[in-house]
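Novice: Here is a sequence with its predicted model. Questions after.
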Amino acid sequence: MCESEIVSEAHSQCTVEQKLRDSAEQYKSLVEGSFDGIFIRRGKPIAFANGRLYEMLGYNREELERLERWDIYHPE
């Protein structure tokens, strides 16, 4: 591999990494700015919830992220 190919590859990698950071920031902004409560689960417990869900349900982060998704739904 010649020097110009290495420089080009490094530039491409930096560009991809920046696009990934930008995408993650846009996603975070969308989720945190949502009027809806949003959660993500990993296996059974809730792995992430946005601030709106905490407000809606009255749980803090530690309480909510120990629950399973079925624990937050109305029983009917």
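Specialist: Perfect, I can see it now. Numbering: from 1, shown residues only.

Novice: how about low-confidence regions in the chain?
Specialist: Scanning the chain for pLDDT under 70 picks out 1-11, 74-76.

Novice: tell me, what residue is most central in it?
Specialist: For the chain, the residue nearest the mean C-alpha position is Lys28 (6.0 Å; Cα atoms, centre = their mean).

Novice: Can you give me the separation between that one and Trp70?
Specialist: 26 Å (Cβ to Cβ, to the nearest Å). In this view, the C-beta of every residue, glycine as well, is placed from N, C-alpha and C.

Novice: was I right about Asn60 contacting Tyr54?
Specialist: Yes: with contact defined as Cβ atoms under 8 Å, Asn60 and Tyr54 form a contacting pair (6.8 Å).

Novice: how about the residue nearest to the centre of the chain, phi and psi?
Specialist: The phi/psi pair for Lys28 (degrees, to the nearest 10) reads phi -60, psi -40.

Novice: quick one: which of Asn60 and Tyr54 has more around it?
Specialist: Legend: neighbour count by other Cβ atoms under 10 Å for Asn60 and Tyr54, higher for Tyr54 (16 against 9).

Novice: Tell me the secondary structure at that one.
Specialist: helix (DSSP: H, G, I helix; E, B strand; the rest coil).

Novice: Who's the closest spatial neighbour of it, skipping the chain neighbours?
Specialist: Counting by Cβ to Cβ, 6 or more residues apart in numbering, Tyr54 lies nearest to Leu64, which is 6.4 Å off, once chain neighbours are set aside.

Novice: which residues touch the one you found?
Specialist: Phe39, Ile46, Ala49, Leu53, Tyr54, Leu57, Ile72 (Cβ atoms under 8 Å, 6 or more residues apart in numbering).

Novice: Nearest to Arg21, out of those residues: which one, please.
Specialist: Arg21 has its nearest neighbour among the contacts of Leu64 in Ala49, at 22.7 Å by Cβ to Cβ.
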